[in-house]
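Enquirer: Pasting the sequence and the predicted coordinates here, then a few questions.
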Amino acid sequence: MPRIPRPAAPLLAVAAIALLALLATRGDDGGRASSRIGVSTHLMAGDEPLDQALAPIARDGVRWIREDFAWARIEPERGRYDWQRTDELMAAAAAAEVDVLAILDYSAPWATSDPGGDLEAPPRADADYARFARAVVDRYGEGGAFWDRADPVRPLAAVELWNEPWGFFFWRPEPDPARYATLARAAAEAIRAADRDVDVLVPADLLQVRADGAVRPWFAALLEADGGLPDLVDGWTVHPYPSPRAAGPEADGDLRYSVKRVAEVRAVAERERAIHPIWITEIGWTTAAETEDGVSEEEQAQYLEETLALAEGPWRDFVARTFVYTWSRSTGAAGDVEGNYGLRRADGSVKPAWRVVREHASDGED
């Protein structure tokens, strides 16, 4: 999520973007919605019945959500699973004809490698995370156990292996591409063995964000650590929040810190022969008006419109989907940066940016 201290790294040259047809995505398959836009949600974190929570999203034509499938909640003790909330989500999404991108994050209390119990440290054993990933897709993937008694049926569309492992805030104590590569490989192999027809996505942003301020790449280092990883996955994910946060997509400056670094990520993939569709699984702006990071509601809508114009225009051949952060309500506190990324105000009314999402969702059929 959008904690983005400004990193630095050697400038990666922008390669010419090949005019290759976008690899097939699940949106073209089996009657699924083909919209290229979705929203990041935290529906399971609330108390509202999930069919009610999902209703306004589906009503406005958005057909994709990205939701945390927290390991700690699903498997609080080794081998004991609590599927109640995820069952409710998947049933509600199926009824609303909405596809789910599940983030398989972070560690479980019994599995974390951190002696103090930090869940945002990697697990001690990759096999434990891989077994968790396999359990999720065995339950909700194509032909999964949950669908034996559910109607309608809409299997899990995609999984993202961890959230922002390139940042120290979600991979303690510091990002480690080689360590993450082993985790991603174990999980991807387990999911492939399940044969549940779920897209496997791996975070591939350009740079690490490190607490020590070191200048290091992420995506290139990940591919250097495991050159075979691209053979196991279906797509790369990017969170191109700008730095400074209040900058729009068309702002001048270093591309490494711009929304436009999506094209640089594609260039790395081309150079390393690791071409997959890119999913922008988070992008947004905070309306915390009393901070240097905040923009107005009108600017939030404008910048989102400019970003979607890039995704659906010059980037269309390689950006599969864009998820806007976030459907959550803003706190309304003018100094709360993180609490005002929401597409809704504190009273539940929608900001102008939601109208942008709604318009692109209705126009975004492939």
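Expert: Yes, it's here.
Enquirer: separation between the residue nearest to the spatial centre of the chain and residue 162?
Expert: Most central in the chain under Cα atoms, centre = their mean is residue 281, positioned 3.3 Å from the mean C-alpha point. Residue 281 is 12 Å from residue 162, where distance means Cβ to Cβ, to the nearest Å. To be clear about C-beta, it is placed using only N, CA and C from the backbone, and glycine gets the same treatment.
Enquirer: Could you confirm residue 138 falls within a strand?
Expert: No: counting by DSSP: H, G, I helix; E, B strand; the rest coil, residue 138 is not part of a strand but helix.
Enquirer: tell me the contacts of residue 129?
Expert: Applying Cβ atoms under 8 Å, 6 or more residues apart in numbering to residue 129 gives the contacts 71, 104, 107, 111, 123, 183, 186, 187.
Enquirer: Show only the entries of these found in strands.
Expert: Counting by DSSP state E, these place residue 104 in strands.
Enquirer: who wins for neighbours among the contacts of residue 129?
Expert: In terms of neighbour count, residue 187 stands highest of the contacts of residue 129 at 28 neighbours, by other Cβ atoms under 10 Å.
Enquirer: and residue 67, what helix or strand is that in?
Expert: Using DSSP states H and E, residue 67 sits within strand 64-70.
Enquirer: name the helices or strands packed onto that strand?
Expert: With contacts taken as 3 or more Cβ pairs under 8 Å, 6 or more residues apart in numbering; DSSP states H and E, strand 64-70 sits against strand 37-40, helix 84-96, strand 99-105, strand 319-324.
Enquirer: For the stretch 1-150 of the chain, just list every one of the helices.
Expert: 50-59, 71-74, 84-96, 126-140 (DSSP state H, counting those that start in this stretch).
Enquirer: Give me the angle between the lengthiest helix in the chain and helix 126-140.
Expert: Longest helix of the chain, by residue count under DSSP state H: helix 177-194. Using axes from the mean of the first three to the mean of the last three Cα atoms, to 10 degrees, the direction of helix 177-194 lies 40 degrees away from that of helix 126-140.
Enquirer: Any stretches of the stretch 251-366 of the chain with poor pLDDT?
Expert: Judged against pLDDT under 70, the low-scoring parts of the stretch 251-366 of the chain cover residues 364-366.
Enquirer: Could you find the closest non-adjacent residue to residue 302?
Expert: residue 248 (7.0 Å; Cβ to Cβ, 6 or more residues apart in numbering).
Enquirer: Next, the contact list for residue 308, please.
Expert: 37, 322, 356, 360.
Enquirer: and the residues you listed as CSV, adding distance to residue 191 and neighbour count?
Expert: Formatted as CSV, the contacts of residue 308 follow (distance: Cβ to Cβ, whole Å; neighbours: other Cβ atoms under 10 Å):
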residue, distance to residue 191, neighbour count
37, 25, 26
322, 24, 29
356, 34, 22
360, 30, 22
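Enquirer: Redo those residues as TSV? Include distance to residue 99.
Expert: Listed next are the contacts of residue 308 as TSV, based on distance: Cβ to Cβ, whole Å:
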residue	distance to residue 99
37	12
322	14
356	20
360	16
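Enquirer: Pretty sure residue 286 sits against residue 338.
Expert: Yes: if you go by Cβ atoms under 8 Å, residue 286 and residue 338 touch, sitting 7.3 Å apart.
Enquirer: Between the two, which has more neighbouring residues?
Expert: Taking residue 286 and residue 338 together and counting by other Cβ under 10 Å, residue 286 has the greater number of neighbours (23 against 13).
Enquirer: Could you identify the most distant pair in the contacts of residue 308?
Expert: 322 and 356 (11.3 Å; Cβ to Cβ).
Enquirer: Phi, psi for residue 330 please.
Expert: phi -70, psi 150 (degrees, to the nearest 10).
Enquirer: dump the residue contacts of it.
Expert: 287, 336, 339, 340, 341, 342, 344, 345, 346, 351.
Enquirer: Pull the number of nearby residues for the fourth one.
Expert: Under the neighbour criterion other Cβ under 10 Å, residue 340 is assigned a count of 29.
Enquirer: Tabulate the CA atom coordinates of stretch 231-250 in CSV.
Expert: Only the C-alpha atoms of stretch 231-250 are listed here, as CSV (Å, rounded to 0.1, in the frame of the first residue of the first chain):
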residue,chain,number,x,y,z
ASP,A,231,8.4,-19.6,-16.7
LEU,A,232,6.3,-20.1,-13.6
VAL,A,233,4.2,-16.9,-13.6
ASP,A,234,1.6,-15.2,-15.7
GLY,A,235,2.1,-11.6,-15.0
TRP,A,236,4.1,-8.8,-13.3
THR,A,237,2.6,-6.3,-10.9
VAL,A,238,3.6,-2.7,-10.5
HIS,A,239,2.6,0.1,-8.0
PRO,A,240,3.7,3.3,-9.8
TYR,A,241,2.9,5.8,-7.1
PRO,A,242,4.8,9.0,-8.0
SER,A,243,7.4,10.6,-5.8
PRO,A,244,6.6,13.3,-4.7
ARG,A,245,3.2,11.8,-4.1
ALA,A,246,1.3,14.9,-5.3
ALA,A,247,2.9,14.7,-8.8
GLY,A,248,0.7,13.9,-11.7
PRO,A,249,1.5,11.4,-14.5
GLU,A,250,2.5,14.2,-16.8
